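Asker: here is a sequence together with a model predicted from it:
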Amino acid sequence: MVARWLDANREAEAARDWRPMAELYTEDATYGWNLGPREEFMAVGREEIRAVALGLEMGGLEGWRYPYQKVLIDPVHGEVIGLWRQIADATRPDGSPYEVAGIGGSWFRYGGDWKWSWQRDFFDVGNATALFLEMIKAGVLSDGMRRRMDRATSKEPLPGHYPIGRAPRDLWE
């Protein structure tokens, strides 16, 4: 399953489209993450994962790479933790890539039939925000990322975003 996931991740990066990865989730899977002290994200069901988590939420990150640095497998509980980096497709004047500092990762639960039933991501929201601000100041945001920023800063409610404790599934279920 992990090999299939890593292959699908590389294919999504190359295609610049994360939505096909939804086929690697059970129909009733949940996928969520924390967004700071007041907000969390949760997608419930394969189609919401496809449309919102892998579609809208990954919008603007086309061309970014998420190479897995380490994968830890718990065969007793059917759980996996993958630690990854977030590397933008833009580079600084010195040639180094823009990259979110710190450690990012995903915690998965295997649901059978080569599919995940549960995924929770963790990453440093403060470092991600700082990188996006640096990229704004440098004028290197893609059009997709600008649209993403406009959506995130609008007054409109964002699909899948909930006040802490109000999501349809708990982050720790």
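Answerer: Yep, it's here. None of the values given here were measured: they were computed from a predicted structure. Numbers count the residues shown, from 1 in each chain.
Asker: C-alpha only now, for contacts and for neighbours.
Answerer: OK.
Asker: okay, and the helix or strand of the protein with the least pLDDT?
Answerer: Least confident helix or strand, the chain: helix 143-153 with a mean of 88, by mean pLDDT, DSSP states H and E.
Asker: quick one, helices of the chain?
Answerer: 2-15, 46-48, 125-138, 143-153 (DSSP state H).
Asker: closest to Glu57 out of the ones you listed?
Answerer: Among the helices of the chain, helix 143-153 comes nearest to Glu57, with 8.0 Å by C-alpha to C-alpha.
Asker: if we look at the closest one, which residues are touching it?
Answerer: Residues outside helix 143-153 that contact it (C-alpha atoms under 8 Å, 6 or more residues apart in numbering) are 59-62, 158.
Asker: and stretch 68-79, by the same measure?
Answerer: Contacting residues not belonging to stretch 68-79 are listed as 6, 80-85, 107-110 [C-alpha under 8 Å, 6+ apart].
Asker: if you set the cut-off to 10 Å instead, what comes out?
Answerer: The list of residues contacting stretch 68-79 from outside it, by C-alpha atoms under 10 Å, 6 or more residues apart in numbering, reads 2, 6, 9-10, 80-86, 103-112, 116, 118-119.
Asker: return a ChimeraX selection command for the buried portion of these.
Answerer: In ChimeraX syntax, the buried subset of the contacts of stretch 68-79 is picked out as below (16 or more other C-alpha atoms under 10 Å):
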select :2,9,10,80,81,82,83,84,85,86,104,105,106,107,108,109,110,111,116,118,119
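Asker: can you tell me which of the contacts of stretch 68-79 end up in strands?
Answerer: Using DSSP state E, 80-84, 104-112, 116, 118-119 are the members of these that sit in strands.
Asker: buried ones in stretch 160-173, by neighbour count?
Answerer: By 16+ other C-alpha under 10 Å, the buried positions in stretch 160-173 come out as 160-162, 164, 167, 171.
Asker: Glu47: which of these is nearest?
Answerer: Nearest member of the buried residues of stretch 160-173 to Glu47, counting by C-alpha to C-alpha, is Gly160, at 12.4 Å.
Asker: wouldn't that closest one be in contact with Ala43 here?
Answerer: Yes - between Gly160 and Ala43 there is a contact under C-alpha atoms under 10 Å: 5.7 Å.
Asker: identify the contacts common to those two.
Answerer: 31-32, 49, 52-53, 167-168.
Asker: since that was my last question, I'll sign off now.
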